[in-house]
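A.B. asks: turn this into a structure:
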Amino acid sequence: MKAIRKYHFIGIGGTGMSSLAYLMSKSGAAVTGSDRLLDGQRDNELFGKMRSFGIKLYPQDGSGLGVTPDAVIASPAIEESNPDLTLARELGLRILKRAEFLISLTGEKKAVGIAGTSGKSTITAMTAHIMIQSGHDPTIVIGACMRNYETADDPGNSRLGRSPWFILEVDESDGWITKYRCHTALVSNIKKDHKEMDELKRLFRAFLTNATDTIIVNADSPLLEEVVPGDKNIVTYALRGNASFRPSAVSLGPDGSQFTLHGQAFRIRQQGKHNLSNALAAIAVARSVGIPMNGIAGALDTFVGLRRRMEIVGTAGGITVIDDFAHNPSKIRAALDATHLLGKRRIVIYQPHGYGPTLFLKDELIEAFSNSLSSNDYLFILDIYYAGGTARKEIMSDDLVREIARSIPNTFRPPSRRELIRLIAGIAAEEDVIMVLGARDRSLSTLAKSIFEEIKSKNKPQRR
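C.D. replies: Down below sits the predicted model:
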């Protein structure tokens, strides 16, 4: 078969797609990509980094296929009518789905697949950092930016290693999770997200069944009992239940958590019980590889986290601003629970994650906010994120606002982001935590920074 040295990525602006594009570029291949955002000449920081890295970018009008790539990699979010995809078929080019391509890259590697409804990005990053710091030199593909490895031209969402180890975040939303054959397979939890529960349980069971060596599961997630095959080497971790890895002497604080495990003291810099659970998962993987506990502890102590995962933008006047990727109900509950460690009142800004997902999870989203916030907290729900295409607009943000306001009276849809910044600056007070939640839209990070700058300006000491 002809060696593939030229790749074109359709939907390259997604973090998961960009990680593969960077990995291929690091391997010496020529990489091009197109994205819907580029159709309207909307640029962002990630696109700038790609260009500086030598990746050529095009709108999705077929112009990027002029180089005649050896393979075209399509994001699962790309519609069949996409102009790039249509032209690629007409030209007879080899077309692969993202997951199909990722699976092909693992080849004979010892793949460590990290899956689950919530926590998989952080677990993947923690595991990768431990293995790098321990000299295992893994290849890494992750759907988020690792702050430890981020540079001016590389977002740190992939790494080309020389060892047999391949650490990858595995997504279940496109159904391809059943095709992975991992040396080690980990599932953090199963909650309703992209699919109904019966379908999710089938997918995760197949993923675990296909593992060739070890499966690692969270014993605190009761549904995992239904999907764990009985003929595998099973390792468990838990905060509460019986498990191979269960911490003691746990202390949760605003600067992270401390705990003891198997006689070793640990400290992590990430807040909340959910991140403590994520750390246990990474420890379980590292021990299965043979890394000693003191080496794991030393590595976790230096792990600074991921972009948009409980990322503290800044603190001014006793007010903390956080930027977080949480978009589904379980992630939202975990993030809001962690904010109790950082302040007293919460001011939350949430952008729903697409029309289809919002309609599918409407009841669960209403329940998550209604049960996680208190009557004196504030919730501002932005318009539903729309990336273009043929999405059916059968639900609006006002539908969520109306239902959540029954329990949380300070629930509103702001008229604009500029007005939102002004409103928040007017109500924020000492010991408040302001949290921007949502996925896909990188402008949310800009919003979080703008809110912080407004808060900082408001609390700037006056000259006498």
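
A.B. asks: the closest residue in space to Ser188 that isn't next to it in sequence: how many residues sit nearby?
C.D. replies: Counting by CB to CB, 6 or more residues apart in numbering, Gly116 is the residue found nearest to Ser188 once chain neighbours are left out, at 3.1 Å. Yep, even glycine has a C-beta here, placed from its N, CA and C like the rest. For Gly116, the neighbour count with other CB atoms under 10 Å is 27.

A.B. asks: my read is that Gly116 contacts Leu186, right?
C.D. replies: Yes. Counting by CB atoms under 8 Å, Gly116 touches Leu186, with 7.4 Å between them.

A.B. asks: and for the two, which residues touch both?
C.D. replies: With contacts defined as CB atoms under 8 Å, 6 or more residues apart in numbering, the residues shared by Gly116 and Leu186 are Ile123.

A.B. asks: measure stretch 56-65 end to end?
C.D. replies: 11 Å (CA to CA, to the nearest Å).

A.B. asks: and if you look at stretch 218-238?
C.D. replies: 6 Å.

A.B. asks: which parts of it are buried?
C.D. replies: By 16 or more other CB atoms under 10 Å, the buried positions in stretch 218-238 come out as 218-221, 223-224, 227-228, 234-238.

A.B. asks: I'd like the distance from that stretch to the chain centre, please.
C.D. replies: 23 Å (CA atoms, centre = their mean, to the nearest Å).

A.B. asks: buried residues of the least confident helix or strand in the chain by mean pLDDT, list them for me.
C.D. replies: Ranked by mean pLDDT, DSSP states H and E, the helix or strand of the chain with the weakest confidence is helix 36-39, at a mean of 74. By neighbour count on 16+ other CB under 10 Å, the buried set for helix 36-39 is Arg36, Leu37, Leu38.

A.B. asks: show residues contacting the helix or strand just after that helix.
C.D. replies: Using DSSP states H and E, the helix or strand that follows helix 36-39 in sequence is helix 45-52. The list of residues contacting helix 45-52 from outside it, by CB under 8 Å, 6+ apart, reads 12-13, 15, 18, 21-22, 33, 35, 37-38, 57, 152-155, 442.

A.B. asks: which stretches of the stretch 301-450 of the chain have low pLDDT?
C.D. replies: 387-391 (pLDDT under 70).

A.B. asks: tell me where it has strands.
C.D. replies: 311-316, 319-324, 345-350, 378-381, 411-412, 432-437 (DSSP state E, counting those that start in this stretch).

A.B. asks: okay, these in TSV with mean neighbour count and distance to Ile296 next?
C.D. replies: Converted to TSV, the strands of the stretch 301-450 of the chain look like this (neighbours: other CB atoms under 10 Å; distance: least, CB to CB, whole Å):
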stretch	mean neighbour count	distance to Ile296
strand 311-316	18	23
strand 319-324	25	26
strand 345-350	24	33
strand 378-381	24	38
strand 411-412	18	42
strand 432-437	26	30
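
A.B. asks: columns distance to Ser63 on top of the ones you listed, output as TSV?
C.D. replies: Output for the strands of the stretch 301-450 of the chain, formatted as TSV (distance: least, CB to CB, whole Å):
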stretch	distance to Ser63
strand 311-316	35
strand 319-324	34
strand 345-350	36
strand 378-381	38
strand 411-412	43
strand 432-437	35
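
A.B. asks: buried residues in the host helix or strand of Tyr7?
C.D. replies: Here Tyr7, judged by DSSP H and E, is contained in strand 6-10. Applying a neighbour-count criterion of 16+ other CB under 10 Å, one finds Tyr7, His8, Phe9, Ile10 buried in strand 6-10.

A.B. asks: thinking Leu447 is in contact with Ile349, fair?
C.D. replies: Yes. With contacts counted by CB under 8 Å, Leu447 reaches Ile349, the gap being 7.1 Å.

A.B. asks: any common contacting residues for the two?
C.D. replies: Common neighbours of Leu447 and Ile349, counting by CB under 8 Å, 6+ apart, are Leu420, Val436.

A.B. asks: endpoints of stretch 155-165, how far apart?
C.D. replies: First-to-last distance for stretch 155-165 - CA to CA - comes to 21 Å.

A.B. asks: what is the neighbour count of Ser450?
C.D. replies: Ser450, neighbours per other CB under 10 Å, totals 19.

A.B. asks: before we move on, back to that, residues contacting the residue nearest to Ser188?
C.D. replies: Ile123, Leu186, Val187, Ser188, Asn189, Ile190, Phe204, Asn218.
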